[in-house]
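A.B. asks: sharing a model prediction with you, sequence too.
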Amino acid sequence: MDLDRRRKPIRKAVIPVAGLGTRLLPITKSVPKELLPVVDVPAIQVVVEECVNAGIEEVIFITGRGKGGVEDHFDYNYELEQILQQRGKFEELERVRSISSLIRTIAVRQKKPLGLGHAVLCARDVVDNEPFVVLLPDDLISSEPSVTKQLIEVYEKYGQGVVSLMPVSDREVSRYGIVTGENWAPGLHRVRTIVEKPDPEITPSRLAVIGRYLLPPTIFDYLEGLEPDHTGEIQLTDGLARLARERALVGYEFSGRRHDIGDKLGFVTANVSYALRRPDMGPLLLEYLRRKVAEADADGQ
């Protein structure tokens, strides 16, 4: 691989939050899916904390109609803080204030739902001429270090754009962008192209791109030159395919447990998984789950 040794630090993250959340209806009719709780923390906060822990300095939300609550969650709420202080709820007060000071946030409006590629393109003026990460908030990934940090470490070593990869089953390949290329180190691939949602019978591989990207600013030129697909959307996958052809793109098989919280079952399993990790409720929840499994086994006999 022709490696570019000139590195710019990764300071900015783009998080598209304009999606309608149709897979989670009816709750998303009135509540942004990004504010649905993972135990007692909004899903979007889990993703933003991943950025903070990876050293990101600024988060750019690509918002849409009805998503003002996402921005509000990271703003100060003086009325709430005053009430908590008056009532002596200092632990809750500190927790609320810490959210407001997590990271610098900027909101950019995507006025029409024209696809993920278009959402990323909306961030061009704010990102400027810097490499940046894109995080899809439907994907929550538990790992240490975080997947974002893992991608940054790959970028720092090779100086190229990086996409996170995960093996999927044959029946799942039609839900993802699937990469083709060469495996040139353990867990690392030189991506040659990306096939969007291939038929399982003709899929070139089972390595799917999953919700985390580290991209050079060149991607904006590629996205700007794309024609909308048959659905009228500009696909990020098409821009990544051109990046892989004309420059270089690394595929990295990340280490971590992924939950698709845009899916109802994935949302439930994410809540169970994150709750089990918490000392204040994990042991009690585990006891409950064991009891329910035993009851189900007894009913099945």
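C.D. replies: Sure, I can see it.

A.B. asks: strands of the stretch 1-150 of the chain, start to end?
C.D. replies: 12-16, 37-38, 41-42, 58-63, 104-109, 132-135, 139-142 (DSSP state E, counting those that start in this stretch).

A.B. asks: now do the stretch 151-300 of the chain
C.D. replies: 161-167, 177-185, 188-196, 207-215, 249-253, 257-260.

A.B. asks: can you add mean pLDDT, mean neighbour count and distance to Phe132 and give the ones you listed back as CSV?
C.D. replies: C-beta coordinates here come from the backbone N, C-alpha and C atoms, glycine included. Shown next, in CSV, are the strands of the stretch 151-300 of the chain (pLDDT from 0 to 100; neighbours: other C-beta atoms under 10 Å; distance: least, C-beta to C-beta, whole Å):
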stretch, mean pLDDT, mean neighbour count, distance to Phe132
strand 161-167, 94, 23, 10
strand 177-185, 87, 17, 19
strand 188-196, 89, 20, 18
strand 207-215, 94, 24, 6
strand 249-253, 94, 24, 15
strand 257-260, 92, 18, 21
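
A.B. asks: would you turn the ones you listed into CSV with distance to Glu130?
C.D. replies: Output for these, formatted as CSV (distance: least, C-beta to C-beta, whole Å):
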stretch, distance to Glu130
strand 161-167, 13
strand 177-185, 24
strand 188-196, 22
strand 207-215, 10
strand 249-253, 18
strand 257-260, 27
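
A.B. asks: nearest to Ile99, out of the ones you listed?
C.D. replies: strand 257-260 (21.5 Å; C-beta to C-beta).

A.B. asks: partners of that closest one in the sheet?
C.D. replies: Strand 257-260 has its sheet partners listed here by DSSP bridges as strand 139-142 (antiparallel).

A.B. asks: which one of the strands of the stretch 151-300 of the chain lies closest to Ile106?
C.D. replies: Using C-beta to C-beta, the strands of the stretch 151-300 of the chain put strand 207-215 closest to Ile106, at 17.5 Å.

A.B. asks: which strands and helices lie in contact with that closest one?
C.D. replies: strand 132-135, strand 139-142, helix 147-158, strand 161-167, strand 177-185, helix 236-246, strand 249-253 (3 or more C-beta pairs under 8 Å, 6 or more residues apart in numbering; DSSP states H and E).

A.B. asks: reformat these as CSV; add distance to Ala296.
C.D. replies: CSV is the format used below for these (distance: least, C-beta to C-beta, whole Å):
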stretch, distance to Ala296
strand 132-135, 36
strand 139-142, 26
helix 147-158, 34
strand 161-167, 30
strand 177-185, 36
helix 236-246, 41
strand 249-253, 34
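
A.B. asks: among the strands of the stretch 1-150 of the chain, which is nearest Val268?
C.D. replies: strand 37-38 (10.7 Å).

A.B. asks: give me the helices and strands touching the closest one, please.
C.D. replies: Using 3+ C-beta pairs under 8 Å, 6+ apart, strand 37-38 is in contact with helix 264-276.

A.B. asks: low-confidence ranges in the stretch 151-300 of the chain?
C.D. replies: 300 (pLDDT under 70).
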